[in-house]
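> pasting the structure only:
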């Protein structure tokens, strides 16, 4: 407590209050199931992103930065980066499932090395997002879920946006070839903006989920949610207050 009796700025352990995060997750689950995503695919996808991307990324983020209010969102972003950088040489070597080696090594190291175990709990004094701000963030992410449900998830694949088959073709290319080539031009290398497709290809290899389900349904939502939270944290840092 400060001399004025108020809690200091850096208190608490969560970024988004569990209730608001739980509401958004519940909405997302209902949306995906209602739009035809098999329960098995949804459960396996959540387990993979949580255990092989979010968790090791968060542990690395805490070890590298000391932790802070953006642990989960920044950890997810870092976890995606590690996943892609692991998948590229694994796929090039013809062993795509080796993408699991780095996250497994991180989890083993942080469980076995005494000096790293503290990062499972995070820093003791972490800034806590105010309740009102947590619900505003939840509302933004919830809006993205509803918007995506109306204009992407529930739209039949045959009636989806015209560029979607091209995105699917790029995932297929990265699922089978590294370095990738343009799927529409034989022998022309794909030299730009293909990392997201490598991420989806890696997810497909590990989970067995059809790339169609990842492209048209599952993969973009965690990325969008993390982006929203990180933008809020940037505003907090630059503006000096959560209202920024």
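Now that the structure is in, tell me what you want to look at. If you're wondering where the values come from, they're calculated on a predicted model, not measured in any experiment.
> in this protein, what spans have low per-residue confidence?
Regions of the chain meeting the criterion pLDDT under 70 cover residues 1-17, 124-125.
> all helices for it, in order.
Secondary structure of the chain (DSSP state H): helices located at 18-34, 39-48, 55-65, 71-92, 101-112, 114-117, 131-148, 164-176, 195-207, 211-213, 220-239.
> which positions within the fifth one qualify as buried?
So the one you mean is helix 101-112. Using 16 or more other C-beta atoms under 10 Å as the test for burial, helix 101-112 gives 102, 103, 106, 107, 110. From N, CA and C alone the C-beta is placed, and that goes for glycine too.
> do the longest one as well
Counting neighbours by 16+ other C-beta under 10 Å, one finds that the buried residues in helix 71-92 are 71-80, 82-84, 86-88, 90-91.
> also the shortest one?
Of the residues in helix 211-213, 211, 213 count as buried by neighbour count, 16+ other C-beta under 10 Å.
> remind me what that helix packs against, helices and strands.
Where contact means 3 or more C-beta pairs under 8 Å, 6 or more residues apart in numbering; DSSP states H and E, helix 211-213 is packed against helix 164-176, helix 195-207.
> so residue 144 touches residue 224, yeah?
Yes. Counting by C-beta atoms under 8 Å, residue 144 touches residue 224, with 5.3 Å between them.
> so between those two, which is more surrounded?
residue 144 (18 against 15; other C-beta atoms under 10 Å).
> which ones are touching the more buried one?
Residue 144 is in contact with 221, 224, 225, 228, counting by C-beta atoms under 8 Å, 6 or more residues apart in numbering.
> which single one of the residues you listed is nearest to residue 24?
Closest to residue 24 out of these is residue 225 (7.5 Å), distances taken as C-beta to C-beta.
> check the spacing between the nearest residue to the closest one once chain neighbours are set aside and residue 202 real quick.
Spatial nearest neighbour of residue 225, excluding adjacent residues (C-beta to C-beta, 6 or more residues apart in numbering): residue 141 at 4.9 Å. According to C-beta to C-beta, to the nearest Å, residue 141 and residue 202 sit 24 Å apart.
> ok, residue 214 - contacts?
Applying C-beta under 8 Å, 6+ apart, the residues near residue 214 are 45, 171, 200, 203, 204.
> for those, work out which two are farthest apart.
45 and 171, at 14.4 Å, using C-beta to C-beta across those.
> number of nearby residues for residue 98?
Using other C-beta under 10 Å, residue 98 has 15 neighbouring residues.
> list the contacts of the spatially closest residue to it that is not a sequence neighbour.
Of all residues not flanking residue 98 in the chain, residue 90 sits nearest, at 3.8 Å (C-beta to C-beta, 6+ apart). The contact partners of residue 90, taken as C-beta under 8 Å, 6+ apart, are 96, 97, 98, 99, 101.
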